[in-house]
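S.K.: Fold the following, please.
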Amino acid sequence: MYPYIPYGHQDISQQDINAVIAVLQSDWLTQGPCISRFEQAVANFCGVKYAVAVSSATAALHIACLSVGLGEGDRLWTSPNTFVASANCGRYCGAAVDFVDINPLSYNLSMAELESKLALADHQGCLPQVLIPVHLAGQSCEMAKIAELSQRYGFRVIEDASHAIGGQYLRQSIGCCQFSDMTVFSFHPVKIITTGEGGMVLTNQAEHYEKLIRLRSHGITRSPDLMQSKSHGSWYYQQLELGFNYRITDIQAALGLSQLQRLDEFVQYRRYLATRYTHLLQDLPLTLPWQHPDTASSWHLYVIRLQLEKLEKNPSPSI
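M.R.: Below you'll find the predicted structure:
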């Protein structure tokens, strides 16, 4: 028994353990077949063309920003209600970071605040190159409106869906990238499925996919079509740009692939718990989570706010 309630805890089955053991007994611990199988399985689940697995969601956000060309002197906007990685990825690229206030109901980006801030930035000549909407707690932002604004003002959209695998927006899986350039998932142990550490970038755009593949592995390519001179054989590679060692291992991918088979089960149980919490907490002086009608959250978190004025006037022994 825990001496405290943990923020989150992984659920590891014997099937997960067997999948990892199988890789440990194979010829490939990294850069083997499990990685592409994991990527394809997540892409199929989300209904998107391409997926690139990496060492963390932070790494995923970093190379996603580089893939859309974010660089020195550019601007990235995101939510102030998020983990530091949603902003740090812009700083890694040399961009300035600014924040858009949140909707007090959903805790996601406020569409009214975003539209107003964009209009002012357009007037002042300081529009962002990249927007990172964060699907806090598993609930999608209003992506159709964000896509409309991105077309009007010319910025790129990278969804930070670290909390949100298994959720839906307008009855489509989060990660399908209908309203964005790319989507990022996290597989940290507190998330809905885990690879230990790990992340993934999803996109429907081939040019982004090719660049993501290179950037996660030192900027090198083995594709003769992309090389700047003739290939000398299957063993030969060229470095086309400065990249990183952001690769995920086959050990991690095997765990992720096994966990993915229980994703629907995990999300359904979280939805059951959210319904139960709402029923049991509804009469207490708390503000309970609000859900936008276009969304179906995966409920990474169930966020409550204390109504302090009511608590001070009428202290409840149950809180």
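
S.K.: Please name every helix or strand in contact with the helix or strand containing residue 45.
M.R.: Using DSSP states H and E, the secondary-structure element containing residue 45 is helix 33-46. In terms of contacts (3 or more CB pairs under 8 Å, 6 or more residues apart in numbering; DSSP states H and E), helix 33-46 is packed against strand 50-54, strand 199-203, helix 250-260. Backbone N, C-alpha and C define where each C-beta goes, glycine included.

S.K.: Serialize those to JSON lines and add fields for distance to residue 157.
M.R.: Output for the helices and strands packed on helix 33-46, formatted as JSON lines (distance: least, CB to CB, whole Å):
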{"stretch": "strand 50-54", "distance to residue 157": "16"}
{"stretch": "strand 199-203", "distance to residue 157": "11"}
{"stretch": "helix 250-260", "distance to residue 157": "25"}
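
S.K.: Most tightly packed of these?
M.R.: strand 199-203 (a mean of 29; mean count of other CB atoms under 10 Å).

S.K.: The helix or strand hosting residue 62 - what's its average pLDDT?
M.R.: Assigned by DSSP H and E, residue 62 belongs to helix 57-67. When pLDDT is averaged along helix 57-67, the result is 98.

S.K.: Give me the contact list for the next helix or strand after it.
M.R.: As assigned by DSSP H and E, the chain's next helix or strand after helix 57-67 is strand 75-78. Applying CB atoms under 8 Å, 6 or more residues apart in numbering, the contact partners of strand 75-78 are 65, 70, 86-87, 89-90, 93, 95-100, 117, 126-134, 160.

S.K.: the helices in this protein, which residues?
M.R.: 14-24, 33-46, 57-67, 85-92, 111-124, 143-153, 206-215, 250-260, 263-281, 308-313 (DSSP state H).

S.K.: Output those as JSON lines; include the columns distance to residue 225.
M.R.: Formatted as JSON lines, the helices of the chain follow (distance: least, CB to CB, whole Å):
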{"stretch": "helix 14-24", "distance to residue 225": "31"}
{"stretch": "helix 33-46", "distance to residue 225": "19"}
{"stretch": "helix 57-67", "distance to residue 225": "18"}
{"stretch": "helix 85-92", "distance to residue 225": "29"}
{"stretch": "helix 111-124", "distance to residue 225": "39"}
{"stretch": "helix 143-153", "distance to residue 225": "30"}
{"stretch": "helix 206-215", "distance to residue 225": "10"}
{"stretch": "helix 250-260", "distance to residue 225": "26"}
{"stretch": "helix 263-281", "distance to residue 225": "35"}
{"stretch": "helix 308-313", "distance to residue 225": "62"}
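
S.K.: Need the winner for burial among the ones you listed.
M.R.: Buried most deeply of these, by mean count of other CB under 10 Å, is helix 57-67, with a mean of 27.

S.K.: which helices and strands does that one pack with?
M.R.: Counting by 3+ CB pairs under 8 Å, 6+ apart, helix 57-67 packs on strand 50-54, helix 85-92, strand 156-160, strand 182-186, strand 199-203, helix 206-215.

S.K.: Direction included, what does the fourth one pair up with?
M.R.: When you say that, I think you mean strand 182-186. Here strand 182-186 is paired, per DSSP bridges, with strand 156-160 (parallel), strand 199-203 (antiparallel).

S.K.: Pretty sure residue 218 is one of the things residue 238 touches, is it not?
M.R.: No - if you go by CB atoms under 8 Å, residue 238 and residue 218 don't touch, sitting 10.8 Å apart.

S.K.: Quick one, which of the helices and strands packed on helix 33-46 gets closest to residue 16.
M.R.: helix 250-260 (4.5 Å; CB to CB).

S.K.: Pull stretch 142-150 out as PDB, backbone CA atoms only.
M.R.: Provided in PDB are the C-alpha atoms of stretch 142-150 (Å, rounded to 0.1, in the frame of the first residue of the first chain):
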ATOM      1  CA  GLU A 142     -10.900  23.500 -30.200                       C
ATOM      2  CA  MET A 143      -8.700  22.400 -33.200                       C
ATOM      3  CA  ALA A 144     -11.100  23.400 -36.000                       C
ATOM      4  CA  LYS A 145     -11.000  27.000 -34.900                       C
ATOM      5  CA  ILE A 146      -7.200  26.900 -34.400                       C
ATOM      6  CA  ALA A 147      -6.800  25.500 -37.900                       C
ATOM      7  CA  GLU A 148      -9.000  28.300 -39.300                       C
ATOM      8  CA  LEU A 149      -6.800  30.900 -37.500                       C
ATOM      9  CA  SER A 150      -3.600  29.200 -38.700                       C
END
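
S.K.: got a list of contacts for that stretch?
M.R.: With CB under 8 Å, 6+ apart as the test, stretch 142-150 has contacts from 108-109, 111, 114-115, 118, 131, 133, 155-157, 159, 169-170, 178-180, 292, 294.

S.K.: Report the buried members of the residues you listed.
M.R.: Buried by 16 or more other CB atoms under 10 Å: 108-109, 111, 114-115, 118, 131, 133, 155-157, 159, 169, 178-180, 292, out of the contacts of stretch 142-150.

S.K.: The helices and strands packed on helix 33-46: which one's closest to residue 18?
M.R.: Nearest of the helices and strands packed on helix 33-46 (CB to CB): helix 250-260, 8.0 Å.
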